[in-house]
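Asker: Based on what follows, work out the 3D shape:
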Amino acid sequence: MKRRGLMLVLSSPSGAGKTTLSRLLLDSDPSIQMSVSATTRKARAGEIEGRDYFFIDAAEFARRAKAREFLEYATVFENSYGTPKKAVEDILSSGKDVLFDIDWQGTQQLKQQARDDVVSVFVLPPSHDELERRLRARAQDEEAVVQSRMAKAADEISHWAEYDYIIVNDSIEAAQMQLETILAAERLKRARQIGLSEFARALTARG
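Answerer: Next comes the predicted model:
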């Protein structure tokens, strides 16, 4: 049966488990793929055009933004990032889903342009102390960076009510199951099963 894909948005403060959940979902479900952003930053060693990012210069990025060719975009540390609208639309039309790893501001932009296609999930840590423990367990950030991330987390968490679903990541296995359940239910929504009318007519047709 024909199905229109959906945009699955995952947001969370750093350390809550969003990146791990994204990886697990992509590894286990061939019907969803990661959104590939366009960016003005230079490619790093090992990055591949079209797989990791679409690398473009600042002038081209500005042109595309003005032409409204991005579903959402932002500038971070002097580099711009944006989600190409056509690439996402092509995936959705093929019946596959697109996974987005973006913050609350990007989520708002997506909803403004394609609310019916967006399913938003916010991942919360089980506690303030656990979030701080996870950040420190990375053993790669200086104390000032950890404190900065904790301060930013408070602002990010304040936007939880803007999301369709909330997952409290106390156990990565349980959180993964919950995310897969959300995705399965959203795929079954009547509005997304664009072949349903034809299928139902065939079932009720008399020979």
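Asker: low-scoring stretches of this structure, by residue?
Answerer: Flagging of the chain using pLDDT under 70 yields the residue ranges 138-141, 207.
Asker: Tell me which stretches of it form helices.
Answerer: Using DSSP state H, the helices of the chain run over 18-28, 58-66, 85-93, 104-114, 128-137, 143-157, 172-187, 196-204.
Asker: TSV for these, including distance to residue 39 and mean neighbour count?
Answerer: Yep, even glycine has a C-beta here, placed from its N, CA and C like the rest. Written out in TSV, the entries for the helices of the chain read as follows (distance: least, Cβ to Cβ, whole Å; neighbours: other Cβ atoms under 10 Å):
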stretch	distance to residue 39	mean neighbour count
helix 18-28	18	15
helix 58-66	8	14
helix 85-93	14	16
helix 104-114	14	17
helix 128-137	25	15
helix 143-157	21	14
helix 172-187	26	15
helix 196-204	38	10
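Asker: Which among these is found nearest to residue 2?
Answerer: When those are compared for distance to residue 2 using Cβ to Cβ, the nearest one is helix 196-204, at 8.1 Å.
Asker: Give me the contacts around that closest one.
Answerer: Helix 196-204 has contacts (Cβ atoms under 8 Å, 6 or more residues apart in numbering) with 1, 190.
Asker: and if we set it to 6 Å?
Answerer: residue 1 (Cβ atoms under 6 Å, 6 or more residues apart in numbering).
Asker: Same check on stretch 109-117?
Answerer: Under Cβ under 6 Å, 6+ apart, the answer for stretch 109-117 is 6-7, 71-72, 118.
Asker: Dihedrals phi and psi, residue 47?
Answerer: Geometry field for residue 47 lists phi and psi as phi -80, psi 140, criterion degrees, to the nearest 10.
Asker: Roughly how far does the closest residue to it other than its chain neighbours sit from residue 158?
Answerer: Taking Cβ to Cβ, 6 or more residues apart in numbering, and ignoring the residues beside it in sequence, residue 47 has residue 53 as its nearest neighbour in space, at 6.6 Å. As defined by Cβ to Cβ, to the nearest Å, residue 53 lies at a distance of 29 Å from residue 158.
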